[in-house]
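# here is the input, now give the coordinates:
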Amino acid sequence: MAPYESDDATGAARDEDLPTGRRKAARYVVPVAVVGVAAATIGLVPALADSGDPDLPKITAQQLIDKIAKSDVQQLSGTVKVSTDLGLPDLGGLESGLASGAAGGGDGSSADPRSKLTELVSGTHTLRVATDGPDRQKLSLLESGSEYSLIHDGKDVWGYDSKSNEVHHSATAGSAGRHRAEQPPATPKDFADEALKAVDDTTSVTVDGTAQVAGRDAYKLLIKPRQSGTTVGAISIAVDAKTGMPLKFTLTPRSGGAAVLDAGFTQVSFARPATSTFDFTPPKGAKVTEEKEGGKGKAPEHAPKGGEDLAKGLSGATVLGKGWTSVAGFDTGSKGGVPSGDQGGALGGFLGSLGDQVSGKFGKGTVFSTRLVNALITDDGKVYAGAVTKDALVKAANAGK
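Residues are numbered from 1 along each chain as shown. Next up, the predicted model:
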C-alpha cells in the first residue's frame, strides 16, 4: 500500500518533545545498539514475511508515534527472530568479544549477560521473551542443543547457560534498572525506542501502509534521514494496531541490499504468562557466580539519557555534527594508530588489511567500515565513529582537530 501522507512536518513536531542533548546524539545510540554496545540484527531472509495488508483506519505519522509512546503493554510472551548483517568478515567470534569489552565486559562467567547477549551482534538468532510487569522478565536465547536464559524476578537477576551449566546471579535493590542496563536491545520495542529518539527536523516520517505481523494487524511507520552522508537508508517499524507496541523493526542501509538489522515477532500473546515462567533454581552441579555489590558491573546511579551521555563516558567523548550525520569523537590516549604489519606482526597486518588509509587536516589514520557503523582511528590516538560515510568521518576529524 502507498504511504498515507508525506508528513514532512512530523519530524519537527516530534522534535519538540525531546531535550536538545538527547536529540543531537541519539543517532550515535542507534548504531551502537545495533552492534551490541548499548546493545543488536535481515541477513538473507526476512525474519517474518508480511502476510497481507489489512484494511485499517487511516492514521497520521504523528498519531502513530503518539500511539507508540502511550503503549503500556505489561504482559506478553512470544518468539522473536533477530538478524544482523553488518558485512563484517568472519573473525571467529572476535567481533562478539570486542562488543562485550566495549559494553563493560563481565566477570568471566559464560552466564554473565554482559558478555553472553553480545552474540546478537551477528547472524540470526531466535529468542523467547516473556514479561509480567516491571519486576518480571525472561529472555531466552535458543541455540543448537542449548539455551541461555536471563531471568529477572523481583530483586534477583539470573543468567543461566545450559551449555556450560554456569549460573550468574546478582541481587541488589536496583536490580530492575540494572537488568535493563545489562541486557542489549533484543525486541522490536527496544530498537524502536532508540530509533524514535533520532526523529527531528532532519528526518522524514510517514505511514507506509499496513501489514500483518505474527498474525496481528499493524501499521508501518517509515523513518528516513533527509541528510546525505549517513549510512542509514530507512527504518521501518510495524506497530500493533490495537496495543501500539512495535512488532517488527527493520533497518536498511543507504547502500542497498539486505537489511542490516531485522527483529520481529513470529508469535506473540498478550495474555499474562504463568508465574512459574520466572521461577529459577540453579541446577544441581552448576557453577554459580555471585556478583558482589560494588564489583564489576555495578548498576549506575542513574540510567543514561541518550547517546550524548554514553559518548561522555568514552574518555571525554564529544558529539560532532548534527542529525543523522553526527559523529562521536574521543581520545584513546594511545599514540601510533593501527599497527602495521611490521609493527604489529600478523595481527597488525590483518587489522591493516581491513581498513582504508586516509589523511586530512587531522593527520593520518585508518577507517574501518561496516554496512552501517564506520570508525576512523587516527595516528595520534583519536577515534571518530558513527553511522556515516568515510568522507563524513574525515570531515568530522578535520573539524575536531
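# contacts, neighbours, all on C-alpha from now
Noted.
# surely residue 291 touches residue 170?
Yes - between residue 291 and residue 170 there is a contact at 5.2 Å, judged by Cα atoms under 8 Å.
# more neighbours: these two, which one.
Neighbours were counted for residue 291 and for residue 170 using other Cα atoms under 10 Å; residue 170 has more, 21 against 17.
# list the contacts for that one?
Each residue near residue 170 by Cα atoms under 8 Å, 6 or more residues apart in numbering is listed here: 156, 157, 158, 290, 291, 292.
# run a quick neighbour tally on the second one.
Just to be clear, that refers to residue 157. Neighbours of residue 157 using other Cα under 10 Å come to 23.
# what's the answer for the third one, then?
Residue 158 is flanked by 27 other residues according to other Cα under 10 Å.
# circling back to that earlier point, narrow the contacts of residue 170 to those in strands?
156, 157, 158, 290 (DSSP state E).
# could those go into JSON lines alongside distance to residue 141 and pLDDT?
Output for the ones in strands among the contacts of residue 170, formatted as JSON lines (distance: Cα to Cα, whole Å; pLDDT from 0 to 100):
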{"residue": "156", "distance to residue 141": "19", "pLDDT": "93"}
{"residue": "157", "distance to residue 141": "16", "pLDDT": "93"}
{"residue": "158", "distance to residue 141": "14", "pLDDT": "95"}
{"residue": "290", "distance to residue 141": "21", "pLDDT": "92"}
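# nearest to residue 324, of those residues?
Nearest to residue 324 among the ones in strands among the contacts of residue 170 is residue 157, at 35.5 Å by Cα to Cα.
# bridging residues for the closest one?
residue 152, residue 170 (DSSP bridges).
# swap in residue 386?
Applying DSSP bridges, one finds that residue 386 bridges with residue 374.
# tell me the domain ranges of the protein?
10-290, 307-400 (automatic domain parsing).
# pLDDT of the last one, averaged?
Model confidence over domain 307-400, given as mean pLDDT, is 76.
# just stretch 201-217 next, same as before
In this model, stretch 201-217 has a mean pLDDT of 95.
# could you list the buried residues of that stretch?
For stretch 201-217, a neighbour-count test (16 or more other Cα atoms under 10 Å) marks 201-214, 216-217 as buried.
# contact partners for residue 169?
Contact partners of residue 169, counting by Cα under 8 Å, 6+ apart, are 156, 157, 158, 159, 288, 289, 290, 291.
# what's the answer for residue 357, then?
Counting by Cα under 8 Å, 6+ apart, residue 357 has contacts 364, 365, 366, 367.
# does it have beta-bridge partners, and which?
residue 366.
# and the ones in strands among the contacts of residue 170 as a markdown table, adding distance to residue 60?
Shown next, in a markdown table, are the ones in strands among the contacts of residue 170 (distance: Cα to Cα, whole Å):
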| residue | distance to residue 60 |
| --- | --- |
| 156 | 42 |
| 157 | 40 |
| 158 | 42 |
| 290 | 50 |
